[in-house]
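K.L.:
Mind looking at a prediction? Sequence and model below.
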2 protein chains.
Amino acid sequence: MQETFRAELDSLTGDLARIVRLAGQMMTNASTALYQGDLQLAEMVISGADEMKDLCDETDRRCFNLLVLRATVVTDLRVVVAAMHAGRDLKRMCNLTQHIAMIARLKHPAVPIPAGVRLVSARMGVLAAKLAQDAAAAIESGDPMSGDRLAQADDQVDALRRRIFRILFSEHWPHGVEPAVDTALIGRYYERFADHAVAIARRVSLLVTDLPPEP
Amino acid sequence: MQETFRAELDSLTGDLARIVRLAGQMMTNASTALYQGDLQLAEMVISGADEMKDLCDETDRRCFNLLVLRATVVTDLRVVVAAMHAGRDLKRMCNLTQHIAMIARLKHPAVPIPAGVRLVSARMGVLAAKLAQDAAAAIESGDPMSGDRLAQADDQVDALRRRIFRILFSEHWPHGVEPAVDTALIGRYYERFADHAVAIARRVSLLVTDLPPEP
């Protein structure tokens, strides 16, 4: 039973890494759909994210089955629980890519983010997508992202969000209320996506299954 | 061991119900702080939510310990996992009350939500807090909220959010960008708080521990 358990656990963490990577690509696509007003790409993200959410539910069921199989060491239990939480984070990430693609679809053919703030907003999207790639790489290499890099990523996201607010709230913002609200909400979605990716990257040390048994 | 397990599980779900109820009260306080510009109350929510997040982390540890103790029936495992997810939802709910209290603190002595949209926004806050009370009552009575009531709550939250957008994006919105962005973000925080409360209320059937053993 222990061998089945370990094999299933390895396959599960491998799948999680693939879905995190895919979520990063989906976020890139959602951003492209948004900034280039690409309706078809927006639709692809919206339906693709639904499929990915099904995959996340599937990892949740697999985690539960692993709990039923019963880990014999506490470390294995920690891995299953970490995988379970990572699956939930991932599902939220999929939802957030959908939110952004839905704004792109709703506002099409207009691009809801005005030129003056587009670069900062897009940079936030790039950073969010990159954090998902980093999280996937961390799972695959079995090497958690360093605390320094995680703190740096947090700082970057915060700095970009503050910059967006400064632009929106300046006296020179000429675009009115609706684009400002869209920009603020999209910034919030990017921020949350990044938070979830960082949470996964932080937990990677728990997701690595070939740890020495606990003392 | 099974008796210890059951006793600890019952105590855990009891504590979860208490924290959910408290989270609802915190959201009410955050709203009061916001709409009445009460700085002291905002500070209380911000520090109180930190303490509550510690309690959530504690429930997470207790769930893990229960997994280590090992449920002998699959139903018990489901309860532990449901409690673990409820603890995470709760922690996010605490974060969201903090976000709202922080906006109240940041904008004090101004009230960031203008009169024309205050009533709708406040109603969203009342609904979010009520859903937390409902979720707590559902845990305590061991009776999950009916699917109808949950769907109705979802519809109400959605309807209020759409109404807020209609007000913000109308040509007659005279308050400019900053209050509109604050109102939109606060609406988003209420919506997420309500989502988490609904998720807990949905899971209650799994949180009730005196179920018949699985066939």
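P.N.:
Noted; the coordinates are in hand.

K.L.:
any idea how far A:Asp50 is from A:Gln98?
P.N.:
Spatial separation of A:Asp50 from A:Gln98 under the definition C-beta to C-beta, to the nearest Å is 8 Å. (C-beta placed from N, C-alpha, C; glycine too.)

K.L.:
Could you check the pLDDT of A:Ala137?
P.N.:
Looking at A:Ala137, its pLDDT is 91.

K.L.:
wait, I meant A:Glu3
P.N.:
The predicted structure scores A:Glu3 at 79 on the pLDDT scale.

K.L.:
Between A:Asp50 and A:Gln98, point out the one with more neighbours.
P.N.:
When neighbours are counted by other C-beta atoms under 10 Å in any protein chain shown, A:Gln98 comes out ahead of the other of A:Asp50 and A:Gln98, with 22 against 12.

K.L.:
Do a quick rundown of the helices in chain A.
P.N.:
Listed in chain order, the helices of chain A (DSSP state H) span A:2-36, A:39-69, A:74-107, A:115-141, A:147-169, A:177-207.

K.L.:
and the angle from the second one to helix B:74-107?
P.N.:
Right, the one you point to is helix A:39-69. 130 degrees (axes from the mean of the first three to the mean of the last three C-alpha atoms, to 10 degrees).

K.L.:
repeat for the first one
P.N.:
Here helix A:2-36 runs at 30 degrees with respect to helix B:74-107, directions being taken by the same axes, to 10 degrees.

K.L.:
what's helix A:2-36 packed up against?
P.N.:
helix A:39-69, helix A:74-107, helix A:115-141, helix A:177-207 (3 or more C-beta pairs under 8 Å, 6 or more residues apart in numbering or on different chains; DSSP states H and E).

K.L.:
re the thing from before, for B:Val111, which of the helices of chain A is the nearest?
P.N.:
Relative to B:Val111, the nearest member of the helices of chain A by C-beta to C-beta is helix A:147-169, separated by 16.7 Å.

K.L.:
Contacts for that closest one, please.
P.N.:
With contact meaning C-beta atoms under 8 Å, 6 or more residues apart in numbering or on different chains, helix A:147-169 is reached by A:116-117, A:120-121, A:123-124, A:127-128, A:131, A:134, A:173, A:180, A:183-184, A:187, A:190-191, A:194-195, A:198, A:201-202, B:177-178, B:181.

K.L.:
distance of A:Ala153 from chain B?
P.N.:
In this structure, A:Ala153 and chain B are separated by 19 Å, where distance is defined by C-beta to the nearest C-beta, to the nearest Å.

K.L.:
Between the two ends of stretch A:107-114, how far is it?
P.N.:
Counting by C-alpha to C-alpha, to the nearest Å, the length from the leading to the trailing residue of stretch A:107-114 is 12 Å.

K.L.:
which residues are in contact with it?
P.N.:
Stretch A:107-114 is contacted from outside by A:34-37, A:39, A:42, A:103-104, A:118, A:121-122, A:175, A:178-179, A:182-183, A:186, using C-beta under 8 Å, 6+ apart.

K.L.:
That one - what's its average pLDDT?
P.N.:
The average pLDDT within stretch A:107-114 is 94.

K.L.:
hang on, A:Ser121 packs against A:Tyr189?
P.N.:
No - using C-beta atoms under 8 Å, A:Ser121 is not in contact with A:Tyr189; the gap is 10.6 Å.

K.L.:
Mind checking which of the two has more residues around it?
P.N.:
Counted by other C-beta under 10 Å, A:Ser121 and A:Tyr189 do not tie: A:Ser121 has more neighbours, with 26 against 23.

K.L.:
Spatially nearest residue to the more buried one, not counting backbone neighbours?
P.N.:
A:Ile113 (5.0 Å; C-beta to C-beta, 6 or more residues apart in numbering or on different chains).
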